[in-house]
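In: I would like the atomic coordinates for the input below:
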Amino acid sequence: MIKKTIAAVSLSILSFTLNAQQKEKTYTGPKLNKTEMNKTVSSLLDKMTIEEKIGQLNLLNPGGGVATGAVVSDNVQQKIKDGNVGGLFGVSGPEKIRIAQEYAVNDTRLGIPLLIGSDVIHGYKTTFPIPLGTAASWNMELIKQSAQVAATEATADGINWNFSPMVDVSRDPRWGRVAEGAGEDAYLGSQIARAMIEGYQGDDLTKTNTMIATVKHFALYGAPEAGRDYNSVDMSRVKMFNQYLPPYKAAIDAGVASVMTSFNDVDGVPATGNKWLLTDLLRERWKFDGFVVSDYTSVNEMIAHGMGDLQDVSALALKAGLDMDMVGEGFVTTLKKSLEEGRVTEEEITTAAKRILEAKYKLGLFEDPYKYLDKKRVKKDILTKKHRALAREVAANSFVLLKKDQQVLPIDKKAKVALIGPLANDKNNMPGTWSPTGDFDNAIPVLEGLKNVAPKAKITYAKGANITNDKQMAENVNVFGPKIVISEKSPEELLAEALKVAQEADVIVAVVGEASEMSGEAASRTNLLIPESQKKLIRELAKTGKPMVLVLMSGRPLNISEEAQLPVDILQVWHPGVEAGNAIGDVIFGDYNPSGKLTASWPRNVGQVPVYYSMKTTGRPGTQDGFEKFKSKYIDVDNSPLFPFGYGLSYTDFEYTNMQLSSKEMNMNGSITVTTTIKNTGDYDGEEVVQLYIHDKVRSITPPQKQLIGFQKIEIKKGKSKTVTFTISAEDLKFYNSSLDFIAEPGEFEVFIGTSSSDNNQMKTFILKE
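Out: Numbering: from 1, shown residues only. Take a look at the predicted model:
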């Protein structure tokens, strides 16, 4: 394993030189046909030496490209020529990739092409909102389209394998990577996993605008102790199967072609070397037939977990069911020795190599190793007007109106607007965390966007405050570039400028929150407050008495209990991507009525964490609000979150009435329909996410208070009504019991339909019979 920092690496794939000598192909198989694939792959495996098989299991990062980890590989050119590389990542562009691919095809004995991977998490060059934001749209079609755009752009730049989607359920906003997932709910996360995989992979992986998707991080990565990244995870199998594993299972059922392991342990064994996880569950129970790749150096990191030396952990990982070693090079340096010592078998090595070769066959690389290397596509398919328009639409759909009691929004397009805040004229933070393939120079800052949407408005700008005045925090955040820039002006000067601008305006729009890298990988926080530098700015602006909107950017749920008490409207916009400013302008000025709903509960303070809607009831449940002695309550704060799962307001108002069940009884083979009428009673056309929850009143293991089993996003014109219908079958009522059997038990069920998980106004009951 080579321990160099990215900055220290001078060798990149750019240094490769072309070798014009052509090599006769030893493979055929132009169509994705299992019989032909098996024939082609088996024939190739018969010709391969053990060294060549092990070489296919080696995934390297040549450096000089996208920074996705702290370690890069050296001497990549020679390793490819020696047949010791199965794939590369961290490199892009048809010209660079062609050079590497020609080494693999022309300068190795069997000419096996390379997989080319990348972290395309929420868009490629056209960056979309962070996944937590995109999830808040509750719009599966838009989410699918965003993945299609990402696949189109990435493949145009030579990439055929994507390390996305991340489907880790998380109920702990201290964990920075909550930004990369869909939030706290397994059902919603499962729907989003399916949509993204369909978007990336399409219906034919041999097409040049589709790519292999990778579901990650398998498994339970979103539940680390103390919310600290990479930390240990410990939970019961019942909790795993019911609350954390469903989105991974949904991805497998959707046909995802690759799985990435997680850094944490599961039942005391690191996921990368966990046979129960990678073989018993993934392959035998779930019937996954793709390939499994480690996360960045996670094989090597099992040494620090206490699982042995590099040879020990590499053998452990292979025998567990890992097929490809990312960057660590433990497989390529130790497996032959382990084979000679009888610690692994040739069959295990061959099986892993077979899975890698099958992935290459599915992509059509054996037919044409250069199929993704059309230079014309770079200009034609990347960052197009159509793609940017979709990014703008997705961003606007993702925004969540948290508070509107001051009725400041939407703002008149001719108003005098004081645009204030450290994120108000900022490009660097707009793409959000884990957008390594994007370019912040392409992002539209809020100031520019507001001017684009409302050219007749008089918009004046002041920074007002630094994101933080804490220089150590800024240094920690700015590892990959200046996300927090501390002004040369004093905090007092910045504040004075902001107050002057505010006094001359009709309305204040304060753009505040987190820098993009205050969330994301290795960005866990114990403090969920807006930094004090900005809190002071917000307090002073509120004192002016001017109508005021907080535009809040973050990669996680924050504790905004103080801000929620101020006379302000609050719009949560996450980190919105390349079209940030335009999308915010669309919503601020009323061209789009916000329709987003939270997919993770927002705590009243960090001491409530974890807080989520589907908690179980205790034997001493107590009331929702107010203190009661000898009940499961805090003495200093209510149990309920500040903003619950599924919550989100609109510029208009919706009234739910006339909930009906088609029957009060249902048998195991039957179904019932649930209907309700929603009326738009406000002054604007709008969209509403209608949410369906159940509560199993009596069952063999304790049930959650509520469980989401359906939702529909509908548009209703002002003054109009719509009737929404859901169908419930026994399949929707199933859970994993203490024996891990997936069953529905007869009994009484409560059904709720409403505007959020806390809406109990419409409830009916029915009986499930044997």
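
In: Show me how the record splits the chain into domains.
Out: Here the domain assignment for the chain is 31-116+301-382, 383-600, 654-769, based on automatic domain parsing.

In: Could you export these as JSON lines, including mean neighbour count, mean pLDDT and distance to residue 204?
Out: Yep, even glycine has a C-beta here, placed from its N, CA and C like the rest. Listed next are the domains of the chain as JSON lines, based on neighbours: other CB atoms under 10 Å; pLDDT from 0 to 100; distance: least, CB to CB, whole Å:
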{"stretch": "domain 31-116+301-382", "mean neighbour count": "20", "mean pLDDT": "93", "distance to residue 204": "7"}
{"stretch": "domain 383-600", "mean neighbour count": "21", "mean pLDDT": "98", "distance to residue 204": "21"}
{"stretch": "domain 654-769", "mean neighbour count": "16", "mean pLDDT": "98", "distance to residue 204": "29"}
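
In: out of the ones you listed, nearest to residue 132?
Out: domain 383-600 (6.4 Å; CB to CB).

In: Any idea how far apart the tips of the closest one sit?
Out: Taking CA to CA, to the nearest Å as the measure, domain 383-600 stretches 30 Å from start to finish.

In: returning to what we had before: any chance of CSV for the domains of the chain, columns distance to residue 185?
Out: What follows is the domains of the chain, written out as CSV (distance: least, CB to CB, whole Å):
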stretch, distance to residue 185
domain 31-116+301-382, 28
domain 383-600, 7
domain 654-769, 6
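
In: quick one: which of these is nearest residue 176?
Out: Closest among the domains of the chain, once you apply CB to CB, is domain 383-600, at 3.3 Å.

In: circling back: nearest to residue 608, out of the domains of the chain?
Out: domain 383-600 (8.8 Å).

In: ranges for the strands of the stretch 51-200 of the chain?
Out: For the stretch 51-200 of the chain, strands defined by DSSP state E, counting those that start in this stretch occupy the ranges 58-60, 87-89, 115-118, 161-162.

In: okay, these in TSV with distance to residue 586 next?
Out: Listed next are these as TSV, based on distance: least, CB to CB, whole Å:
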stretch	distance to residue 586
strand 58-60	41
strand 87-89	35
strand 115-118	30
strand 161-162	29
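
In: and of those strands, who's closest to residue 433?
Out: strand 115-118 (16.0 Å).

In: Which one, of the domains of the chain, ends up nearest to residue 223?
Out: When the domains of the chain are compared by CB to CB, domain 383-600 sits nearest residue 223, at 13.0 Å.

In: So what touches stretch 701-709?
Out: The contact list for stretch 701-709 (CB atoms under 8 Å, 6 or more residues apart in numbering) reads 185, 187-188, 238, 613-617, 646, 691-697, 728, 732-733, 735, 737-738, 752, 757.

In: one more time with 7 Å, if that's ok
Out: 185, 187-188, 238, 613-617, 691-696, 732, 737-738, 752, 757 (CB atoms under 7 Å, 6 or more residues apart in numbering).

In: got it, and stretch 233-252?
Out: Contacts with stretch 233-252, where a contact means CB under 7 Å, 6+ apart, come from 167, 169, 186, 189-190, 193-194, 197, 215, 218-220, 223-224, 264-266, 286, 288, 701, 735-736, 738, 740.

In: What's the ChimeraX syntax to select whichever of those are buried?
Out: The buried subset of the contacts of stretch 233-252, as determined by 16 or more other CB atoms under 10 Å, is captured in ChimeraX by this line:
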select :167,169,186,189,190,193,194,197,215,218,219,220,223,224,264,265,266,286,288,735,736
